[in-house]
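S.K.: When you get a sec, could you give me coordinates for this:
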Amino acid sequence: MTPQEIVNQVRKLSLSQQREVLQTLAHDLNETPQMAERVPVELLREMLADGFISNLPSAVDDEDDFEPIEIEGEPLSETVIKERR
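M.R.: Residues are numbered from 1 along each chain as shown. Here you go, the predicted structure:
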């Protein structure tokens, strides 16, 4: 199925069902940035133009640039364990 066919099918849904599709896609895209690589760019642009999404997801892979933040005191994990007791 082409992206245009998918958009056409989504347009046939009720407004509440369209919102559900939008929320599901937005959630999936926010949870997994890698998902943007699997969703055809044309579909995302169509959805943006049609108002189904408010912005295009970022496909930036920041894992190589990751640097942990140093904090003073005991490790945060220890603090969490103590607070749970």
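
S.K.: Got phi/psi on Ile69?
M.R.: Backbone dihedrals for Ile69, given as degrees, to the nearest 10, come out at phi -80, psi 130.

S.K.: now it: how far from Thr2?
M.R.: From Ile69 across to Thr2, the span is 44 Å (C-beta to C-beta, to the nearest Å). The C-beta positions use only the backbone N, C-alpha and C, and glycine is treated the same way.

S.K.: now swap in Leu56 and tell me
M.R.: In this view, Leu56 and Thr2 are 19 Å apart by C-beta to C-beta.

S.K.: neighbour-wise, which of the two wins?
M.R.: Neighbour totals were compared for Leu56 and Thr2, and Leu56 leads with 13 against 10 (other C-beta atoms under 10 Å).

S.K.: List the single closest residue to the more buried one in space, sequence neighbours excluded.
M.R.: The shortest distance from Leu56 to any non-neighbouring residue, by C-beta to C-beta, 6 or more residues apart in numbering, is to Leu44 (5.6 Å).

S.K.: check which helix or strand covers that neighbour.
M.R.: Secondary-structure assignment from DSSP states H and E places Leu44 in helix 41-49.

S.K.: list the buried ones in that helix?
M.R.: For helix 41-49, the neighbour count (16 or more other C-beta atoms under 10 Å) marks 43-44, 46-47 as buried.

S.K.: Would you mind identifying the next helix or strand past it?
M.R.: Using DSSP H and E, the next helix or strand after helix 41-49 towards the C-terminus is helix 76-84.

S.K.: Can you pull out the residues in contact with that next one?
M.R.: Counting by C-beta atoms under 8 Å, 6 or more residues apart in numbering, the neighbours of helix 76-84 from elsewhere in the structure are Gly73.
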